[in-house]
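>>> A structural model of the following input is requested.
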Amino acid sequence: MRTLDYPDRHFVRAAEGWLELGDSAEAARELRQLTKAAEKHPDVLELRWRLYALTRQWDAALAMARAVITVAPERPTGWIHQSYSLHELKRTDEAWEQLLAAASKFPEDSVIPYNLACYACQLGDLLVARDWIQRAVKLLGKAEIKSMAQSDGDLAPLRDYIDGL
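Just a heads-up that it's a prediction; the model follows:
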């Protein structure tokens, strides 16, 4: 994949900074300055996904995630963002199916088993959720998973199990 040239690289970095500060309006302003050539770059598409996620525009976020999958299917983030967007749209069964299909493509990505555990939990399959949490633990470690899970409402039905890891 080609790298972004100036001035597009500058606009992307500025938008990232604004998103880190939680200022979606300024991030959007920076992204509006991109050249047409940069619009389909996966870094730009992922940044737009982050912007839509921050502003809870889940239909637009889903479209951006799918665009990332189209232009950069080798990136796990497109698949992760697609499923997260579906989950936020209350389409958790689709989120599960889409991410499960991608899990074997990215066996070293810890976010995928973690999110699959969340989705399985929300779909009421706690045994499957435990299996996916164990896979995430193998990749990321117990302490990190416990820390992440403490504030994750999707994993509330597994809280005692995770605390006991």
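>>> Please count neighbours and contacts with C-alpha atoms only from this point.
Noted.
>>> Residue 7: neighbour count?
Residues lying near residue 7 (other CA atoms under 10 Å) number 12.
>>> give the contact list for it.
By CA atoms under 8 Å, 6 or more residues apart in numbering, residue 7 lies in contact with residue 34.
>>> next one: residue 111
Counting by CA under 8 Å, 6+ apart, the residues that residue 111 touches are 80, 136.
>>> per-residue confidence for it?
Per-residue confidence for residue 111 comes out at a pLDDT of 97.
>>> ok, for the residue nearest the centre of the chain, nearest residue in space, not its chain neighbours?
The residue at the geometric middle of the chain, judged as the C-alpha nearest the mean C-alpha position with CA atoms, centre = their mean, is residue 81 (3.5 Å). Of all residues beyond its chain neighbours, the one nearest residue 81 is residue 65 (5.5 Å), with distances taken as CA to CA, 6 or more residues apart in numbering.
>>> Quick check: which element contains that neighbour?
For residue 65, the element it lies in under DSSP states H and E is helix 58-71.
>>> Tabulate the CA atom coordinates of that helix in PDB.
Taking C-alpha atoms only, helix 58-71 is exported to PDB below (Å, rounded to 0.1, in the frame of the first residue of the first chain):
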ATOM      1  CA  TRP A  58     -22.700   3.600  13.400                       C
ATOM      2  CA  ASP A  59     -24.100   3.200   9.900                       C
ATOM      3  CA  ALA A  60     -21.400   5.500   8.500                       C
ATOM      4  CA  ALA A  61     -18.800   3.700  10.700                       C
ATOM      5  CA  LEU A  62     -19.900   0.400   9.300                       C
ATOM      6  CA  ALA A  63     -19.500   1.700   5.700                       C
ATOM      7  CA  MET A  64     -16.000   2.900   6.500                       C
ATOM      8  CA  ALA A  65     -15.100  -0.500   8.100                       C
ATOM      9  CA  ARG A  66     -16.300  -2.300   5.000                       C
ATOM     10  CA  ALA A  67     -14.300   0.100   2.800                       C
ATOM     11  CA  VAL A  68     -11.200  -0.800   4.800                       C
ATOM     12  CA  ILE A  69     -11.900  -4.500   4.300                       C
ATOM     13  CA  THR A  70     -12.200  -3.900   0.500                       C
ATOM     14  CA  VAL A  71      -9.000  -1.900   0.100                       C
END
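>>> picking that back up, wait, isn't the residue nearest to the centre of the chain in contact with residue 63?
No. Using CA atoms under 8 Å, residue 81 makes no contact with residue 63, being 9.9 Å away.
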